[in-house]
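*Asks:* Build me a model:
(one chain, ligands or ions: 1)
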Amino acid sequence: MKTFRAFLRLAAPFWIGRARPRPWLLLAATVACSLGFVRVSVAINAWNKEFYDALAAFDAGAIPGLAAAYAVYLTLAVVAIAAGNWFLKRLAFDWRDWATDDHQRRWLGGHAHYRLRFGDEPDNPDQRIAEDIALLAELTLELFRSFLVNVTRLGAFVAILWSISGTQTVTLAGTDFLIDGYLVWIAVVYSAVSTLLMHAVGHRLLALKIDQQAREADYRAALMGVRNWSEQIAFHRGEAAELVRLSCRFDDIRRNWHALIGREFRIECFSAAQMRVAWFIPIVAILPLYLQRTITLGDMMQAQNAFSSVLDGFSWVLTYYRRIMEWAAVVRRLQQLNDALERTGLPSHSAGHGTGAGDGGGTVDRPFAVRPVLCIDGVDIVSPAGRPLLSAVTARFEAPAHVRIDGPSGCGKSTLLRVMAGLHPCRSGTLSVGTDAMFLPQHSYLPNDSLRAVVSYPSERPFDDRAIAWALGRVGLARLSAELDRHAEWSTLLSGGERQRLGFAQLLLHRPGTVVMDEATSQLDEESSIAMYRLIRDTLPDSLVIAVTHQLGLAMLFDRSIDLRPFLVEACGVGEPMPCPLGG
Ligand SMILES: Nc1ncnc2c1ncn2[C@@H]1O[C@H](COP(=O)(O)OP(=O)(O)OP(=O)(O)O)[C@@H](O)[C@H]1O
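*Replies:* All right, here's what the predicted structure looks like:
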């Protein structure tokens, strides 16, 4: 029930939250094909009786007509199945398309992708978005269609089976009972018992399926980690350690997989036996009537066919048990992601926060209505783990100014910048920073894209080629101007210093009123670092530049500074000397 409620919450926005009728039309077409298929099945069932009666009566003249009728039914069945599948696939993709877009937006909006990392993040959100959404759409529609077909066939064939069964006398403890439609009752009892037994055998499958998906995703993430950090691993000769880590992850997969196939083995044994028994039951049950010549051979074959359909209807849960478990696992995983996304609200300091960064709405090239200002008023800052770092930080700077944030290592300088960016909440106080503030981290992010898009990042539209060439020239990367069309993994092709220069080229193009830099020149030599800061001073003379830097040679480039030492909650930096437990 909990899973079903979670499913309704996931599905409702697609099905009822939109005005477009297309999903409903596709669903109607799918339903029409399914019902058409059931109608053809009923006709084939009646055809069965005629065919076997004709065989029993050696009526050769009836065979050509029956063969022609069968060919028509066959054609109709094929059309109903193929068209139904086509509509179903279109609908499943429409659903996936919409839900992927919705999840992408919510995952990227308000920096949720970043904040989730510090909360109770559900594992591997990427896998949930890339795979679970597709599975949700496909499995739901597949289960819906099979349920519809089975229930409709059940309705159609119960009547046939009931009429063939007639009224039979059963003697129990010396008393005669008249039972109507006894074959139907056999089907009901058999499928109810089978379903209960199946649930007893397979109910642990759900948890194992959820675990399996998580373990697989963890392993993939570990492989990706090796790929992303391959150079560092190679420098450290860390391959052996990586092998241990990967093997550990794979051990998790192996352990869960053993438990999973053990459970599936039991389910398969049970369902294979159940299917074989189900084939015999109608024959055994109806044979006495045939031997008494109460019914014809055609009736018997029709009854067997109808019994299978009725049994399928009653045993829908049983037949689709594994698929239902898979579906439930997918619903739970997506619901966990959605709950986590809902929990990530905007930071509590938003009262005075004006970056618009919380919802990714910071825009560029916007003229200023007012002069850029950084205003920090009584702000308390805690680490992502919740440890108090700085208390009652207060400062105010107005453009044009170059401000250096100073303080010992680990005191919370980068965390303060994260608060400015709206990535991290502060406990109390207010903080406001210019509406178009642009942040330059120590490790520039260079997406795998054309160089034009990389230099223009985070703008969605690339800048003019001439402007890009000018910016690249100013930061000492003129040689790259000829490669603007090239798509490459720029983060591995460029040196650390070149990546930082590219960050400065982005600044020159976007011309923000407020620039916030965190060790943005740490990988450049001092001369180049000074040149980069001077470049910003010359090209953005009216901007407010706030920077964290450990490079002492740059201190003279700043006209203001904020020292965080007076705001420290506890001492940090280099610790007291202690005897080394390893000796020496
Ligand atoms: N993701 C995290 N989870 C838990 N604690 C964190 C996380 N990131 C940083 N911290 C802790 O928060 C404190 C402040 O970190 P921060 O990066 O702001 O320091 P910093 O002053 O910029 O340091 P440095 O000058 O060495 O770069 C540190 O003690 C750090 O260990």
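
*Asks:* quick one: the strands in the protein?
*Replies:* 167-172, 175-180, 373-382, 388-398, 401-406, 428-432, 438-440, 449-450, 487-488, 514-518, 544-548, 560-563 (DSSP state E).

*Asks:* For Ala329, find the nearest of those.
*Replies:* strand 449-450 (34.7 Å; Cβ to Cβ). Yep, even glycine has a C-beta here, placed from its N, CA and C like the rest.

*Asks:* Name the residues that touch the closest one?
*Replies:* With contact meaning Cβ atoms under 8 Å, 6 or more residues apart in numbering, strand 449-450 is reached by Pro462, Leu484, Asp485, Arg486, His487.

*Asks:* So among those, which ones count as buried?
*Replies:* Pro462, Leu484 (16 or more other Cβ atoms under 10 Å).

*Asks:* Identify the residue with the minimum pLDDT among the contacts of strand 449-450.
*Replies:* Within the set of the contacts of strand 449-450, pLDDT is lowest for His487 (87).

*Asks:* Pretty sure that one sits against Leu446.
*Replies:* No - using Cβ atoms under 8 Å, His487 is not in contact with Leu446, being 11.9 Å away.

*Asks:* Name whatever forms a beta bridge with the spatially closest residue to Val569 that is not a sequence neighbour.
*Replies:* Nearest residue to Val569 in three dimensions, chain neighbours excluded: Pro388, at 4.4 Å (Cβ to Cβ, 6 or more residues apart in numbering). Counting by DSSP bridges, Pro388 forms beta bridges with Val382.

*Asks:* wait, isn't Pro388 in contact with Val382?
*Replies:* Yes - in this structure Pro388 lies within contact range of Val382 using Cβ under 8 Å: 5.3 Å.

*Asks:* These two - which one has more neighbours?
*Replies:* The residue with more neighbours, out of Pro388 and Val382, is Val382; 19 against 14, by other Cβ atoms under 10 Å.

*Asks:* quick one: the more buried one and Ala395, what's the gap?
*Replies:* The gap separating Val382 from Ala395 is 18 Å, by Cβ to Cβ, to the nearest Å.

*Asks:* do Val515 as well
*Replies:* From Val515 to Ala395 the distance is 17 Å (Cβ to Cβ).

*Asks:* ok, these two, which is more surrounded?
*Replies:* Between Val515 and Ala395, Val515 has the larger neighbour count (other Cβ under 10 Å), namely 26 against 20.

*Asks:* Give me the below-cutoff pLDDT ranges for the stretch 1-150 of the chain.
*Replies:* By pLDDT under 70, the low-scoring segments of the stretch 1-150 of the chain are 18-19, 119-120.

*Asks:* Can you find the residue of it that comes nearest to the ligand?
*Replies:* Phe118 (6.0 Å; Cβ to the nearest ligand atom).

*Asks:* Name the nearest residue to that residue, ignoring sequence neighbours.
*Replies:* Computed as Cβ to Cβ, 6+ apart, the closest residue to Phe118 that is not its neighbour in sequence is Pro384, at 4.4 Å.

*Asks:* Relative to Trp86, how far out is the nearest residue to Ala392 once chain neighbours are set aside?
*Replies:* Distances taken as Cβ to Cβ, 6+ apart place Gly378 nearest to Ala392, at 5.0 Å, with adjacent residues excluded. Distance, Gly378 to Trp86, by Cβ to Cβ: 63 Å.

*Asks:* Likewise for Asp126?
*Replies:* Using Cβ to Cβ, one gets 30 Å for the distance from Asp126 to Trp86.

*Asks:* Glu398 now?
*Replies:* 64 Å.

*Asks:* quick revisit: which of the contacts of strand 449-450 come close to the ligand?
*Replies:* Here nothing survives when the contacts of strand 449-450 are matched to the ligand using Cβ under 6 Å from any ligand atom.

*Asks:* ok, now which ones touch Thr415?
*Replies:* Counted by Cβ under 8 Å, 6+ apart, Thr415 has contacts Ile381, Ser383, Pro384, Leu389, Leu390, His424.

*Asks:* Mind doing that once more with 6 Å?
*Replies:* Going by Cβ atoms under 6 Å, 6 or more residues apart in numbering, Thr415 touches Ile381.

*Asks:* Could you do the one 5 residues further on as well?
*Replies:* With contacts defined as Cβ under 6 Å, 6+ apart, the neighbours of Met420 are Val433, Val516.

*Asks:* Pro400 is in contact with Ile545, correct?
*Replies:* Careful, residue 545 is Val; it's not Ile. No - the criterion here is Cβ atoms under 6 Å, and Val545 misses it with Pro400 at 8.4 Å.

*Asks:* Surely the residue nearest to Phe118 and Arg117 touch.
*Replies:* No - shown here, Pro384 and Arg117 do not form a contact pair, counting by Cβ under 6 Å, at 8.3 Å.

*Asks:* Compare those two (neighbour count), which wins?
*Replies:* Pro384 (14 against 10).

*Asks:* Please report how far the nearest residue to Ala11 once chain neighbours are set aside lies from Asp406.
*Replies:* Nearest non-adjacent residue to Ala11, counting by Cβ to Cβ, 6+ apart: Thr140, 7.1 Å away. Remark: distance between Thr140 and Asp406 (Cβ to Cβ) = 57 Å.

*Asks:* Could you give the number of residues near Val433?
*Replies:* 28.

*Asks:* Against Phe397, how distant is it?
*Replies:* Distance, Val433 to Phe397, using Cβ to Cβ: 10 Å.

*Asks:* Quickly list what's touching both of these two.
*Replies:* With Cβ under 6 Å, 6+ apart, Val433 and Phe397 have common neighbours Leu374.

*Asks:* quick one: contacts for Val184?
*Replies:* Residues near Val184 by Cβ under 6 Å, 6+ apart: Val158, Leu161, Trp162.

*Asks:* Now for the first one: which residues touch it?
*Replies:* Same thing as Val158. Val158 touches Val184, Val310, counting by Cβ under 6 Å, 6+ apart.

*Asks:* Same question for the second one.
*Replies:* Neighbouring residues of Leu161 by Cβ under 6 Å, 6+ apart: Leu183, Val184, Ala306, Val310.

*Asks:* who wins for neighbours among the residues you listed?
*Replies:* Ala306 (30 neighbours).
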